[in-house]
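*Asks:* Take a look and give me a structure for this.
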Amino acid sequence: MRARRPQVGVVLTAQHRAGRLAFAREHQDWQIRHWHPVLFTDESRFTLSTCDRRDRVWRRRGERSAACNILQHDRFGGGSVMVWGGISLGGRTALHVLARGSLTAIRYRDEILRPLVRSYAGAVGPGFLLMQDNARPHVAGVCQQFLQEEGIDAMDWPARSPDLNPIEHIWDIMSRSIHQRHVAPQTVQELADAFVQVWEEIPQETIRHLIRSMPRRCREVIQARGGHTHY
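*Replies:* Predicted structure coming up:
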């Protein structure tokens, strides 16, 4: 046995585990054709100054505090940007950068559901399914009413299940890509522009590969009896 950093996971109650297990059992036998009309969506916030513990330095003993071996980090981030996106086997939405302020139900309806999800649903046609998590703005009455009026069906997504959503890996890919740039974004606008560019450059095959992993994700949840998985 060796010391390792623990895997970080969301808190799961017995109710959460039961919901996750029920979802996994219901969808474990879905074929690719079943997942084809599903749009996986999510929001994520990124900061200008992010210390992800992935950097490494070569140093001699006693040089730990040398200036050249210090990764300077602003604990308050120095500014941040929140983005929303959706992916499917057949394509992706535009990446929406949320302006200042928090995401409310009204903003979610007016900035995301109405201009982005509705048009994507129209392009997919019959059978379209919206995957969104149980964040408060998503399940608010005004948003549920809008979806119902537009005839857009949403999946019954289990709470506390980021490991089941393949778009979470897209956020990680994007973060790594920007983190590895020789010239890091210096302003919030530069950060937003960088994420839009990286989003558009992600190969569609990468997205398809992640979505094809849904049966495996479901099986892992079943094996874990609704608990955490390596995803």
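*Asks:* The residue lying farthest from the centre of the chain in helix, strand or coil?
*Replies:* In the chain, the residue that sits farthest from the middle, by C-alpha atoms, centre = their mean, is residue 62; the gap is 40.3 Å. Under DSSP: H, G, I helix; E, B strand; the rest coil, the three-state class of residue 62 is coil.
*Asks:* which residues does it contact?
*Replies:* Listed by C-beta atoms under 8 Å, 6 or more residues apart in numbering, the contact set of residue 62 is empty. No exception for glycine: its C-beta is placed from N, CA and C like everyone else's.
*Asks:* Residue 175 contacts residue 46, doesn't it?
*Replies:* Yes: using C-beta atoms under 8 Å, residue 175 is in contact with residue 46, at 6.4 Å.
*Asks:* the more surrounded of the two?
*Replies:* Of the pair residue 175 and residue 46, residue 46 is the one with more neighbours under other C-beta atoms under 10 Å, namely 22 against 17.
*Asks:* Could you tell me the backbone phi and psi angles at the more buried one?
*Replies:* Torsion angles at residue 46 (phi, psi; degrees, to the nearest 10) stand at phi -130, psi 140.
*Asks:* Let me see the contact set for it.
*Replies:* Applying C-beta under 8 Å, 6+ apart to residue 46 gives the contacts 80, 81, 82, 83, 175, 178, 191, 195.
*Asks:* Export these as CSV, with columns for pLDDT.
*Replies:* Converted to CSV, the contacts of residue 46 look like this (pLDDT from 0 to 100):
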residue, pLDDT
80, 86
81, 91
82, 94
83, 96
175, 92
178, 90
191, 92
195, 95
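*Asks:* Mind checking which of the residues you listed are buried?
*Replies:* Neighbour counting with 16 or more other C-beta atoms under 10 Å marks 81, 82, 83, 175, 178, 191, 195 as buried within the contacts of residue 46.
*Asks:* For the chain, which residue occupies the most central location?
*Replies:* Geometric centre of the chain, nearest residue: residue 168, 3.2 Å, by C-alpha atoms, centre = their mean.
*Asks:* No further queries at this time; thank you.
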